[in-house]
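here is a sequence together with a model predicted from it:
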Amino acid sequence: MIRRCTLDLPEELGRELEKRASEEGATVECIVSDAVAKYLNIDPKSRAEIHISLCNKYLSDAEARISEDDYVQASEKGWGAASQAVKAVALSREGKELRANGELWEYVNKLRKELKEPAINKLWFSANSLHTNFYERWLTNDQVEDALKDVKEFVNRLKEIIQDLRTWHGTRRPPLFASSGGVFVMAIGERRKKLQALAH
């Protein structure tokens, strides 16, 4: 859930927020949310929920922009949704906070390798094409709509990962099938998909 609030900030602070958001490939909302969560010392699980809320908002905003024929803004909202989902997974799995675009790319590749799901990278590429489109405006409207479908699939897959983690964190640890080189392969939830998590 998102609660709307309006902030009046000194112009210099507003410029710095916009600059930081641009450098990190994030929105001002995301930067402010992260800063407030840190200031209030909110735990990683709750911060992951903030990222999921922002993800859902951005997906909804992207649909609204499509209905208004604003494909450039829809592109950026789609990218925002995907990046928020990656941040949520990193916090949920490892308590790790991702900030820069490069960290997002590295983490998505890590997920792809650990889950043995090449589709994760392919869907992420679609999300990134939307981010590029916000600046370059080279995608057609149909391509933006197709990429947004990929983003929804990507987000849904990452939400499944978070849900799987909640399932075994909530009641009991899932059975371990194998252990090799510090990597445990676990069965989680009804989907019984293999999820690999680095042993701590």
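Cool, the structure landed.

share the number of residues neighbouring the residue nearest to Ile2 when sequence neighbours are not counted, please.
Sequence neighbours aside, Lys57 is the residue nearest to Ile2 in space, at 5.1 Å (criterion: Cβ to Cβ, 6 or more residues apart in numbering). Backbone N, C-alpha and C define where each C-beta goes, glycine included. Neighbours of Lys57 under the rule other Cβ atoms under 10 Å: 19.

Lys57 touches Met1, doesn't it?
No. Lys57 is beyond contact range of Met1, at 9.3 Å (criterion: Cβ atoms under 8 Å).

what residues of stretch 120-127 count as buried?
Neighbour-count burial for stretch 120-127 flags Ile120, Leu123, Trp124, Ser126, Ala127 (criterion: 16 or more other Cβ atoms under 10 Å).

check which residues of the host helix or strand of Leu104 are buried.
Here Leu104 is covered by helix 101-115, with elements defined by DSSP states H and E. Neighbour counts over helix 101-115 (16+ other Cβ under 10 Å) mark Glu103, Leu104, Tyr107, Val108, Leu111, Arg112, Glu114, Leu115 as buried.

what pLDDT, on average, does stretch 93-101 get?
The average pLDDT within stretch 93-101 is 91.

what about the residue most central in space within the chain, distance to Leu40?
By Cα atoms, centre = their mean, the chain has its centre lying nearest to Ala85, at 1.9 Å. Using Cβ to Cβ, to the nearest Å, Ala85 is found at 23 Å from Leu40.

what's the answer for Gln143, then?
For Gln143, the distance to Leu40 - Cβ to Cβ - is 40 Å.

out of these two, which sits in the more crowded spot?
The residue with more neighbours, out of Gln143 and Leu40, is Gln143; 16 against 9, by other Cβ under 10 Å.

give the contact list for the more buried one.
Going by Cβ atoms under 8 Å, 6 or more residues apart in numbering, Gln143 touches Ser129.

now do the one helix or strand it maps to and helix 101-115, the angle between them.
Element membership for Gln143, per DSSP H and E: helix 141-170. Counting by axes from the mean of the first three to the mean of the last three Cα atoms, to 10 degrees, helix 141-170 lies at 60 degrees to helix 101-115.

go through helix 141-170 and flag the buried ones.
143-144, 147-148, 150-152, 154-155, 157-159, 161-162, 164-165, 168.

ok, stretch 84-95 next?
Per 16+ other Cβ under 10 Å, stretch 84-95 contains these buried residues: Gln84, Ala85, Val86, Lys87, Ala88, Val89, Ala90, Leu91, Ser92, Arg93.
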